[in-house]
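J.: Whatever this is, show me its structure:
(one chain, ligands or ions: 1)
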Amino acid sequence: MKTTGGTDDQKRRAAERAADLVETGATVGLGTGSTAAFAIRALGRAVEDGLDIRGVPTSFASRELAREEGIPLVAVDEVETIDVAIDGADQLDGDLNLIKGGGAAHAREKIVDAMADRFVVVADPSKVTETLERAVPLEVLPDARTAAAARVSELDGEATLRRAERKDGPVVTDNGNLVLDCEFGQISDPESLAADLSATPGVVEHGLFVGLADEAYIGTDDGVDVQS
Ligand SMILES: O=C(CO)[C@H](O)[C@H](O)COP(=O)(O)O
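T.: Coordinates of the predicted model:
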């Protein structure tokens, strides 16, 4: 699984603290990425010790891991409510706006995270920034990739088709679509950019998560900082 800037101990601390929030009977959104994976493993241990939960995976990868960990699963289209979602982020600002989609899973992540009564972001300090500035992933229908890239240029951005590391050709999402990574520099108004991207024909979902997160647990070298 993809790893990024922070240490595994920082990620694990944040994720295990978030997993401690989960109570028996809960329906739990299971995020994607190396930090969320620590939460899934912690929940797997808790299930083994008797915690009774249903997990809602946000990707093929989180479903496979949760299965290995023995967490009972239910698909997102089979639930009406989610009690808590625990998910990672590629970057977050002081208002808990996020950039997600480093694992190309942001479309289902957004469905699950937005459904949750409580969406907890788990991250290491390398993800925290004053202003969002990483490339924003767009999941696009294959037919829309050229038109969507042109629209990104009109919005003063630069779109790059995400290529696969282990095969020739593009990354294909769990939904059969392509990903454009879009550089906009410093994003001063994430809400406005999110609205523009959502209005672009053929964009299935973008990786800006504005106003969705309730808290962020940031694992440090000696504890967890909570932002809310
Ligand atoms: O949005 C995501 C996947 O689409 C991940 O949550 C994000 O990429 C963070 O991953 P990691 O914890 O491995 O840094």
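J.: List the contacts of the lengthiest helix in the chain.
T.: Across the chain, the longest stretch assigned as helix under DSSP state H is helix 34-48. Contacting residues not belonging to helix 34-48 are listed as 1-4, 6, 8, 11-12, 14-16, 18-20, 22, 28, 30-31, 51, 53, 55, 58, 62, 65-66, 68-72, 86-88, 122-124 [C-beta atoms under 8 Å, 6 or more residues apart in numbering]. Heads up, the C-betas are built off the backbone N, CA and C, glycines and all.
J.: Contact distance from the ligand - what residues of the protein qualify?
T.: Contact residues, the chain versus the ligand (C-beta under 6 Å from any ligand atom): 2-4, 31-36, 87-90, 100-106, 109.
J.: Of those residues, select the buried ones using a PyMOL command.
T.: Selecting only the buried entries of the residues of the chain next to the ligand in PyMOL, with 16 or more other C-beta atoms under 10 Å as the criterion:
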select buried, resi 31+32+33+34+35+36+87+88+89+90+100+101+102+103+104+105+106+109
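J.: Would you mind confirming that Ala85 is in contact with Ile111?
T.: No: assessed by C-beta atoms under 8 Å, Ala85 is found out of contact with Ile111, at 10.0 Å.
J.: Can you show me the strands along the chain?
T.: Counting by DSSP state E, the chain has strands at residues 27-30, 54-57, 82-87, 91-92, 98-99, 116-123, 136-140, 158-161, 178-183, 203-206, 208-209, 215-219, 224-227.
J.: Would you format those as CSV with mean pLDDT included?
T.: Converted to CSV, those look like this (pLDDT from 0 to 100):
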stretch, mean pLDDT
strand 27-30, 98
strand 54-57, 98
strand 82-87, 98
strand 91-92, 98
strand 98-99, 98
strand 116-123, 98
strand 136-140, 98
strand 158-161, 98
strand 178-183, 98
strand 203-206, 98
strand 208-209, 98
strand 215-219, 98
strand 224-227, 97
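J.: I'd like the ones you listed as JSON lines, with distance to Val152 appended.
T.: Below are those laid out as JSON lines (distance: least, C-beta to C-beta, whole Å):
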{"stretch": "strand 27-30", "distance to Val152": "29"}
{"stretch": "strand 54-57", "distance to Val152": "29"}
{"stretch": "strand 82-87", "distance to Val152": "25"}
{"stretch": "strand 91-92", "distance to Val152": "18"}
{"stretch": "strand 98-99", "distance to Val152": "15"}
{"stretch": "strand 116-123", "distance to Val152": "25"}
{"stretch": "strand 136-140", "distance to Val152": "7"}
{"stretch": "strand 158-161", "distance to Val152": "4"}
{"stretch": "strand 178-183", "distance to Val152": "5"}
{"stretch": "strand 203-206", "distance to Val152": "9"}
{"stretch": "strand 208-209", "distance to Val152": "13"}
{"stretch": "strand 215-219", "distance to Val152": "27"}
{"stretch": "strand 224-227", "distance to Val152": "30"}
